[in-house]
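Enquirer: sequence and computational prediction follow.
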Protein chains: 2
Amino acid sequence: MSNNLVPVGLSNKHLHLSQEHIEILFGEGHVLTNMKELGQPGQFACEEKVDIVGPKGTLKGVRVLGPARGKTQIEISFADGFVLGVKPPVKDSGDLAGSPGAKIVGPKGEVTIEEGIIAAARHIHMHTSDAETFGVVDKDLVKVKIEGKRGLIFENVLVRVHPTYALEMHVDIEEGNAAGLKNGHMVEVLK
Amino acid sequence: MSNNLVPVGLSNKHLHLSQEHIEILFGEGHVLTNMKELGQPGQFACEEKVDIVGPKGTLKGVRVLGPARGKTQIEISFADGFVLGVKPPVKDSGDLAGSPGAKIVGPKGEVTIEEGIIAAARHIHMHTSDAETFGVVDKDLVKVKIEGKRGLIFENVLVRVHPTYALEMHVDIEEGNAAGLKNGHMVEVLK
């Protein structure tokens, strides 16, 4: 049995908001409401939802993840992009240059962003101590093997290491379904 | 450059109908209308569409592929299954035992099938001469490598060999999106 196992977290469409945009969308002084803690310490799913309006269609009731970030970022799948009428580039979180924008509609207002829609590149969060165990460093690319009828090996999986991270591999719903994965499935990082 | 290259065909949700069900759904004596030839000789997308009704929801306007088959078979993605409220098993075409059923609604009538919904297992069609070139036989399982930012290696890819087949790898939309594939992309069968 391999020791290089990582639990999977499937990412459905969601967005992160700047405090400025939170106040435009939900009202002055608004603070995001923590509905449920996520796998990464300090990160949470919010009660708050918004509509994302693209050139072709709308994604209704997209959940906000907290806390507030420096810059608004919308993470969707290719299928979601088809609904909106935009083609999300596969990018690492925070790398928004050249990505498409959208109109975001909240209960108290709306805001149009010029860029910010990405398909988040698959990645593994690791605590500093996990990285030592796995023998990797921040920004390494690794391969990850998934067993089963839909078995596959993901290549180019970005490793992110930080003392505040918990061990977890993030893939989007399409990647998860393509590999027959559910939340919490254990997958193997290949040496 | 490898010589073991295969073009990709992405499968969106669709269904095959028995002649009996065609006549229930579209009227007595109805013959399917060829709208567009598909990659496999003799197979075609039809003008005809139906609604698929599951326990939780409906997939509207699902395209019929022709010609008529011995048994009705509905091929959907996991995401489509979520809409319907059923969990499609990953199975090879024709292997419908134990799969969920649904109600199929056409313009002239409706029919309920007890089984027939699958997520088609990824597979490669090969002409007999292709199989010789690739050094494989019918029902082999091979690995297929996809390059790029979403690069991955699909394992357990079923090879189907027949003198009427044309060389083409079939994956569903979620598998295609997970690997960043478009129709006609060339992918590599690994020895």
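Expert: All right, it came through fine.

Enquirer: per-domain residue ranges of chain A.
Expert: Taking automatic domain parsing as the criterion, chain A consists of the domains A:12-120, A:122-190.

Enquirer: which one is residue A:184 nearest to, not counting chain neighbours?
Expert: residue A:7 (5.4 Å; C-beta to C-beta, 6 or more residues apart in numbering or on different chains). Yep, even glycine has a C-beta here, placed from its N, CA and C like the rest.

Enquirer: can you list the strands that the helix or strand the one you found falls within pairs with?
Expert: With the criterion set as DSSP states H and E, the secondary-structure element containing residue A:7 is strand A:5-11. If you go by DSSP bridges, strand A:5-11 pairs up with strand A:168-172 (parallel), strand A:186-190 (antiparallel).

Enquirer: out of the ones you listed, which is closest to residue B:101?
Expert: Nearest of these to residue B:101, taken as C-beta to C-beta: strand A:168-172 at 29.7 Å.

Enquirer: spell out which parts of chain A neighbour chain B.
Expert: Within chain A, the positions adjacent to chain B are A:77-79, A:90, A:121-122, A:149-156, A:171, A:173-175, A:177-180 by C-beta under 8 Å from any C-beta of the partner chain.

Enquirer: what about the residues you listed, which are in helices?
Expert: Using DSSP state H, the subset of these located in helices is A:78, A:79, A:173, A:174, A:175, A:177, A:178.

Enquirer: list the contacts of the first one.
Expert: What it means is residue A:78. With contacts taken as C-beta atoms under 8 Å, 6 or more residues apart in numbering or on different chains, residue A:78 has the following neighbours: A:87, A:88, A:119, A:174, B:177.

Enquirer: check which residues of stretch A:160-180 are buried.
Expert: Of the residues in stretch A:160-180, those buried under the neighbour-count criterion (16 or more other C-beta atoms under 10 Å in any protein chain shown) are A:160-161, A:165-180.

Enquirer: can you give me the end-to-end span of it?
Expert: End-to-end distance for stretch A:160-180, by C-alpha to C-alpha, to the nearest Å: 24 Å.

Enquirer: any weak-confidence spans in chain A?
Expert: Residue ranges of chain A with pLDDT under 70: A:1-2.

Enquirer: all helices of it, in order?
Expert: With DSSP H applied, chain A shows helices at A:19-26, A:78-84, A:128-134, A:173-178, listed in chain order.

Enquirer: longest strand anywhere in chain A?
Expert: Counting residues, the longest strand in chain A under DSSP state E turns out to be strand A:58-69.

Enquirer: other SSEs contacting that one?
Expert: Packed against strand A:58-69, as judged by 3 or more C-beta pairs under 8 Å, 6 or more residues apart in numbering or on different chains; DSSP states H and E, are the following elements: strand A:14-18, strand A:44-53, helix A:78-84.

Enquirer: deepest in the core, which of these is it.
Expert: strand A:14-18 (a mean of 22; mean count of other C-beta atoms under 10 Å in any protein chain shown).

Enquirer: other SSEs contacting that one?
Expert: The contact analysis (3+ C-beta pairs under 8 Å, 6+ apart) places strand A:14-18 against strand A:44-53, strand A:58-69, strand A:73-75.

Enquirer: this completes my enquiry, with thanks.
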